[in-house]
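>>> I would like to see how this sequence folds:
(chains A and B)
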Protein chains: 2
Amino acid sequence: MKLHGYFRSSASYRVRIALNLKGLSADHLPHHLRKGEQRDPAYLAINPQGLVPTLQDDRGAILTQSLAIIEWLEETHPEPPLLPKDPLRRAHIRAFAMALACDTHPVQNLKVLARLRDLGLPDEQVTGWAAWANREGLAACETLVAREPGPFCFGATPTMADLSLVPQLANARRFGVDLSAFPRLLKAETAAKNIKAFADAAPERQPDAE
Amino acid sequence: MKLHGYFRSSASYRVRIALNLKGLSADHLPHHLRKGEQRDPAYLAINPQGLVPTLQDDRGAILTQSLAIIEWLEETHPEPPLLPKDPLRRAHIRAFAMALACDTHPVQNLKVLARLRDLGLPDEQVTGWAAWANREGLAACETLVAREPGPFCFGATPTMADLSLVPQLANARRFGVDLSAFPRLLKAETAAKNIKAFADAAPERQPDAE
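Numbering: from 1, shown residues only, chains lettered A, B, ... in the order given. Presented below is the predicted three-dimensional model:
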């Protein structure tokens, strides 16, 4: 398989974790987002959104959108599971992941921040925007798992929630968010980072890391 | 079941369509987003993001995030299916839905637009922002289904893609987006609107419509 991504893209990071947890390998094809490589016509032909990641499977099939890719990995490579069997529990884990993947990350991605700059906002306000989006999403997630004993977000093993959380926390730190208000999320992050699948997927461990 | 929503919320609209397609009924509990009712402490206790929709099932279980609710409906009430059986096809449909539910709608929702106003942007730029987000997302989606014969987004019956598309097109129109560049999406919308489940879910048909 081939994974089109970018070392610092949190959506790519989610898929890297999922591949590692499933014991699957992929060739990493970096697209430098800050240089605009994701808008190259050859890349747009496989991902018309011009976003990373894109996964190409062994037969050349193209998959986009990190959570859709992860659901596909779950369906085609069910072990170890990233979602439990109980439908309500699955719904809660997906909702946590989507609170980050839908309502948090896209509001603070490079494209949105560039647009804010284009509208004339100074860097300080742009970073403030990104920090705000992260705080809002993480605060909701902290509440969603407050009663979960853990150590992971939802139980004793990592799920789709954890592989959405860890990359978002990395973003939040880059934008200067004080994470001390989120002890339950930090507990889950600590548990995750002790797992090789998570550690190997970290941005600084990728071939295109700067 | 109870569905906490708002007539004009496109995320609520998605779930209304899904419930109707599955032949399920729910009591509609409106929360007036423009009046800030979603930030009422009693509502935040069930949905810490302060977003709609929230679904409460017959046993009182709480579900949030529209696509997570729809996946749960699909798992607990499989007929008629909103996703096909083939994993790759499921991934493509989910990716289409997420291009809207992750990368488009959250970038133009009420909360983000209010924040832009708070930063001092004039109304014209705020509406321009919302139109931009809609155009970007819909243009990608048009490409994703360009080779699909239809009439729906992915085949002869509605899927999760269609119930994400129809509400987003309604938003795009409200923000003045010229939809003539998206003929394939409009074809799917026409097919969907001919179905009672979609028609009954329309914002203007809801009890809280203004």
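>>> can you tell me if the helix ranked longest in chain A touches chain B.
In chain A, ranked by residue count with DSSP state H as the criterion, the top helix is helix A:123-144. Yes - contact of helix A:123-144 with chain B (C-beta under 8 Å from any C-beta of the partner chain) involves A:Gln125, A:Trp129, A:Trp132, A:Glu136, A:Gly137, A:Ala139, A:Ala140, A:Thr143, A:Leu144. Heads up, the C-betas are built off the backbone N, CA and C, glycines and all.
>>> report all helices and strands that that helix contacts.
If contacts are counted by 3 or more C-beta pairs under 8 Å, 6 or more residues apart in numbering or on different chains; DSSP states H and E, helix A:123-144 sits against helix A:87-101, helix A:110-118, helix A:160-174, helix A:183-193.
>>> the first one close to chain B?
Yes - using C-beta under 8 Å from any C-beta as the criterion, contacts between helix A:87-101 and chain B involve A:Pro87, A:Leu88, A:Arg90, A:Ala91, A:His92, A:Arg94, A:Ala95, A:Met98, A:Ala99, A:Ala101.
>>> that older thread, pull out the buried members of the residues of helix A:123-144 next to chain B.
A:Trp129, A:Glu136, A:Gly137, A:Ala139, A:Ala140, A:Thr143, A:Leu144 (16 or more other C-beta atoms under 10 Å in any protein chain shown).
>>> related to what we said a few turns ago, export the helices and strands packed on helix A:123-144 as CSV, with columns for mean pLDDT and mean neighbour count.
Shown next, in CSV, are the helices and strands packed on helix A:123-144 (pLDDT from 0 to 100; neighbours: other C-beta atoms under 10 Å in any protein chain shown):
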stretch, mean pLDDT, mean neighbour count
helix A:87-101, 98, 24
helix A:110-118, 96, 16
helix A:160-174, 98, 24
helix A:183-193, 98, 18
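>>> between these, which one is closest to A:Tyr43.
Closest to A:Tyr43 of the helices and strands packed on helix A:123-144, according to C-beta to C-beta: helix A:110-118, at 14.4 Å.
>>> for the closest one, which outside residues touch it?
Residues outside helix A:110-118 that contact it (C-beta atoms under 8 Å, 6 or more residues apart in numbering or on different chains): A:Leu33, A:Arg34, A:Leu51, A:Pro106, A:Asp123, A:Gln125, A:Val126, A:Trp129, A:Ala130, B:Val107, B:Trp129, B:Trp132.
>>> which member of those residues is positioned nearest A:Lys196?
Of those, the one sitting nearest to A:Lys196 (C-beta to C-beta) turns out to be A:Leu33, at 26.4 Å.
>>> pick the one among the residues of helix A:123-144 next to chain B closest to B:Val177.
Nearest to B:Val177 among the residues of helix A:123-144 next to chain B, with distances taken as C-beta to C-beta, is A:Trp129, at 23.3 Å.
>>> so that closest one is in contact with A:Asn109, correct?
No - judged on C-beta atoms under 8 Å, A:Trp129 makes no contact with A:Asn109 at a distance of 11.4 Å.
>>> rewinding a little: with distance to B:Arg8 added, can I get the residues of helix A:87-101 next to chain B in a markdown table?
A markdown table is the format used below for those (distance: C-beta to C-beta, whole Å):
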| residue | distance to B:Arg8 |
| --- | --- |
| A:Pro87 | 29 |
| A:Leu88 | 28 |
| A:Arg90 | 29 |
| A:Ala91 | 24 |
| A:His92 | 27 |
| A:Arg94 | 24 |
| A:Ala95 | 22 |
| A:Met98 | 21 |
| A:Ala99 | 21 |
| A:Ala101 | 24 |
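>>> stretch A:54-66 spans what distance, first to last residue?
Taking C-alpha to C-alpha, to the nearest Å, stretch A:54-66 runs 8 Å from one end to the other.
>>> distance to B:Asp178 for the helices and strands packed on helix A:123-144 - can I get that in a markdown table?
Shown next, in a markdown table, are the helices and strands packed on helix A:123-144 (distance: least, C-beta to C-beta, whole Å):
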| stretch | distance to B:Asp178 |
| --- | --- |
| helix A:87-101 | 29 |
| helix A:110-118 | 19 |
| helix A:160-174 | 34 |
| helix A:183-193 | 42 |
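>>> among those, which comes closest to B:Ile17?
helix A:87-101 (17.8 Å).
>>> which residues are contacting the closest one?
Outside helix A:87-101, the residues that touch it by C-beta under 8 Å, 6+ apart are A:11, A:14, A:66-67, A:83-84, A:137-138, A:140-141, A:144-145, A:153-154, A:159-161, A:163-165, A:168, B:49, B:57, B:61, B:63-65, B:67-69, B:71-72, B:75-76, B:98, B:101-102.
>>> show me what contacts A:Pro48?
So A:Pro48 contacts B:Ala139, B:Ala140, B:Thr143, B:Leu144 (C-beta under 8 Å, 6+ apart).
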